[in-house]
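**Q** quick one, fold the following:
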Amino acid sequence: MRIHALALALMLGASPAMAQPSLDKDRPSPPLSLEPSIAIVADFAGLPYLVSRRCGIGDPERWRQIFADMDRRIDYCANRHFEWQAIRQEALSHARRDGGVGPSDDRLAEARFQKKVAELALEWDKEDRSTMCAWYRSSTVWRDILAPGSVPEEEAAAAWREEAKRGRDDPNYCPHGLCAESFRDLRHWGEQQSWVTAPCATLFPDK
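**A** Residues are numbered from 1 along each chain as shown. This next block holds a predicted model:
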């Protein structure tokens, strides 16, 4: 299940030029910083979660699951390597100072995700919900992202071809390279959990 190279590099907290292969596939590859990686994914996944929840399209829990699994992965890797223990403790200490995580809470990823959702909800409250939801329901691509299987296969394929064409024709169509296809790719992280116990070189293992 592919994730755009730029999106993956951002999730790892590095630029594409900084992303380097690990010499030890089960130890963290420097530089590895949890907070930037989690924050970027939370910024990315907060939108489909809120749309799904407020507009009743698909299951919003599939997006929250990504962060529950992320916390499980952090725990898994921290239990295997002292380097991960130090990385997790540094991220938790910083998040607690900023008020992003409670003093007795160690769910670093879920806490950051919920904070982002709360911020987005405030923005949504300024808009007309019926108009916003009508737009997402009218988009075949977004219905396919939020509720996979709800769009007939041929209709979905045609919509995705058109989406890809728009991206090719307009270099500014997808800010930072994160098109609708990237949301679909990200959704897969919440649909299977094998990555939770994958080698610990990075937060998000290669697929």
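**Q** every contact and neighbour count from this point should use C-alpha atoms.
**A** Noted.
**Q** just want the most central residue of this structure.
**A** When CA atoms, centre = their mean is applied to the chain, the residue found nearest the centroid is residue 41 (3.5 Å).
**Q** the helix or strand harbouring that residue packs against which elements?
**A** For residue 41, the enclosing helix or strand under DSSP states H and E is helix 34-55. Packed against helix 34-55, as judged by 3 or more CA pairs under 8 Å, 6 or more residues apart in numbering; DSSP states H and E, are the following elements: helix 5-11, helix 61-78, helix 82-97, helix 108-124, helix 129-138, helix 180-187.
**Q** quick one: closest of those helices to residue 172.
**A** Across those, the minimum distance to residue 172, taken as CA to CA, is reached by helix 180-187, at 13.3 Å.
**Q** tell me what that closest one is packed against?
**A** Here helix 180-187 is seen to pack against helix 34-55, helix 140-146 when contacts are counted using 3+ CA pairs under 8 Å, 6+ apart.
**Q** and the closest residue to residue 151 other than its chain neighbours, how far is that from residue 58?
**A** In space, and not counting its chain neighbours, residue 151 is closest to residue 144: 6.0 Å by CA to CA, 6 or more residues apart in numbering. In this view, residue 144 and residue 58 are 9 Å apart by CA to CA, to the nearest Å.
**Q** give me the pLDDT for the residue of the chain most remote from its centre.
**A** Note on the chain: the largest separation between a C-alpha and the mean C-alpha position, by CA atoms, centre = their mean, falls on residue 154 (27.2 Å). The per-residue pLDDT reported for residue 154 equals 95.
**Q** same deal with residue 2?
**A** On pLDDT, residue 2 comes in at 41.
**Q** same deal with residue 54?
**A** Confidence per residue is given as pLDDT, and for residue 54 that number is 93.
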